[in-house]
Each structure stands twice: as C-alpha cells, then as structure tokens.
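Enquirer: got a predicted model here, sequence first, then my questions.
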Amino acid sequence: MEPLKVENITVAYHKKPVLMEVGFSVPEGKLISIVGPNGAGKSTLIKAILGLVPRASGTVEIYGKPYRSQRKLVGYVPQRGEVDWDFPTNALDVVLMGRYGHVGWVKRPSKKDTAFAEECLDKVGMSAYAGRQISQLSGGQQQRVFLARALAQDATIYFMDEPFVGVDAATEKAIITLLDELKSQGKTVLVVHHDLQTVPEYFDWTLLVNKRLLEAGPTESVFTVENLQKTYGGRLAFLKKGTALVEQ
C-alpha cells in the first residue's frame with residue numbers, strides 16, 4: 001500500500017492560490033525530494049499534508065487511511081527558523097517530545113522512552129549535549145536535535161522541511177547518513193530541498209513543484225534540463241552537463 005496519497009490539494013492565502021490541485025502518490029522506502037523555486041509552495045505542501053495550514057480542497061491518506069487516524073506513523077522536522085530556540089528546555093527534553101505520540105501528553109515518559117531518546121541523540125552525534133539548553137547550541141547542533149526528535153517518534157513516513165539549510169559539512173553528512181539509515185529500514189522520507197546539485201546524489205524520487213505539481217517520479221527520469229526549465233523558468237542561473245546547478 002502506498003505510504004502517501006495526496007489528491008487535489010489547493011491552498012490559498014488571502015484568496016490568492018499558493019498551491020493548486022496538487023495530487024501524487026509516492027512509493028515506500030524511498031528518499032524523496034520536493035524541489036522548486038522560492039515561493040513555489042514546497043513548505044506549504046508539507047504543512048497542508050500535515051494539517052498545519054488549512055486546505056481549500058484536497059485529501060491526504062497515509063497507508064490508505066486519513067491522516068488524522070495515522071498521525072503516529074508520521075514524523076516531522078520543521079524549518080529551523082520556525083522554532084522558538086529561546087524556549088527553556090534542553091536537548092534531551094526536546095527529543096523526548098517525540099515520544100508523546102506514544103505515551104500521551106499526560107503521562108511522563110518512562111525510563112525506556114528516555115533511553116530511546118538518548119539513543120536517538122547518539123545517532124545524530126549529540127549525546128554529549130543532552131543537558132545543554134537548546135539556545136546554547138549552534139545552528140547545526142539544533143538541527144541535529146530536531147532530527148533526533150523525529151527519530152524518537154519512531155515513524156514510518158517522515159517529512160523534513162529544508163533540513164540542510166544553514167548547516168555545516170559535518171551536520172550535512174550526519175543528515176545524509178541518517179536518511180540512508182531510515183531508507184534501509186524501509187521508511188519513506190520526503191524532504192524539501194533547495195540544493196539542485198545534490199538532488200541526484202541524495203534522492204531516489206523527486207517532485208517538481210511550482211504552485212502545481214509539474215513532474216513526479218524517479219529522480220533519474222524526472223530531474224532533467226527540460227523539466228527543470230519548466231519548473232524554474234528563467235530562475236536557473238546556468239546549466240552544466242545536463243544538470244541545473246544554481247538557482248538565482
């Protein structure tokens with residue numbers, strides 16, 4: 001069964017359409033990039049799927065059932081800029097928040113939950129910072145903590161909004177290692193991604209979005225000069241060896 005099926009999603013802000021009649025499904029166990037120019041509605045698409053912004057129309061199914069009934073199967077990593085990093089909490093507590101879908105908001109996490117959260121921190125190389133206030137972490141470290149929180153959700157399908165933005169090379173490598181591990185476990189991961197150079201290297205499947213879904217399919221067949229020109233128009237700075245490298 002398809003891990004995600006989206007039908008006819010339309011989102012409008014102040015009566016101005018941001019996404020129009022977007023529909024697609026994705027295969028299981030793939031790393032999937034969501035690619036398009038700035039303002040194309042990529043982040044809005046993820047938020048509309050997750051019910052974080054209202055949809056004018058459209059439906060979402062996770063493994064054949066409405067999203068509301070399948071939330072425990074879904075993990076989410078928001079953009080770093082949307083998080084209140086001054087909130088007084090430490091790295092381990094942030095990761096433990098990922099367990100609330102399993103234990104509920106009333107019950108306290110068990111020792112088993114805490115041990116699992118510590119294991120997730122270790123996977124992203126942040127064990128030494130478990131007790132550190134999140135405001136005292138670097139941008140890359142903060143991103144790793146939120147990736148660990150998503151891991152703690154123990155989800156089946158993940159949505160990540162620009163996880164590579166503003167991180168150092170070590171964190172980018174850690175993210176890729178984590179994505180590959182999730183894929184090896186049969187998980188499905190959708191990532192809003194801006195770096196066109198790394199799309200063919202990192203992702204199996206690609207969605208090209210510019211207010212509408214223009215193409216969707218295996219990266220090797222979708223990520224072409226023709227399709228990128230259709231998606232970006234005149235915003236591609238240059239093309240090299242058949243691949244778009246830079247977006248203006």
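Expert: The structure has been received and is ready for your questions.
Enquirer: for the spatially most central residue of the chain, what are phi and psi?
Expert: Among the residues of the chain, the one closest to the centroid is Met160, at 1.2 Å (Cα atoms, centre = their mean). Note on Met160: its backbone torsions stand at phi -130, psi 130 [degrees, to the nearest 10].
Enquirer: which residues touch it?
Expert: Tyr76, Val77, Leu147, Ala150, Val189, Leu190, Val191, Val192 (Cβ atoms under 8 Å, 6 or more residues apart in numbering). All C-beta spots, glycine's among them, are computed from the backbone N, C-alpha and C.
Enquirer: how close does it sit to Tyr76?
Expert: Between Met160 and Tyr76 the computed distance is 8 Å (Cβ to Cβ, to the nearest Å).
Enquirer: average pLDDT across the helix ranked longest in the chain?
Expert: What stands out as the longest helix in the chain, according to DSSP state H, is helix 169-184. Model confidence over helix 169-184, given as mean pLDDT, is 90.
Enquirer: now the terminal residues of stretch 43-57, how far apart.
Expert: Chord length of stretch 43-57, first to last residue, is 17 Å (Cα to Cα, to the nearest Å).
Enquirer: and that stretch, how far from the chain's centre?
Expert: Centre-to-centre, stretch 43-57 and its host chain are 13 Å apart (Cα atoms, centre = their mean, to the nearest Å).
Enquirer: strands of this structure, start to end?
Expert: Per DSSP state E, the chain carries strands over the ranges 4-13, 16-26, 31-35, 57-62, 65-66, 74-77, 157-161, 188-192, 205-210, 212-218, 236-240, 243-247.
Enquirer: neighbouring strands for the fourth one, and are they parallel or not?
Expert: It stands for strand 57-62. Paired with strand 57-62 in the same sheet, following DSSP bridges, are strand 4-13 (antiparallel), strand 65-66 (antiparallel).
Enquirer: just to revisit the earlier point, and of the contacts of Met160, the nearest to Ala12?
Expert: Using Cβ to Cβ, Val192 comes nearest to Ala12 of those, at 19.8 Å.
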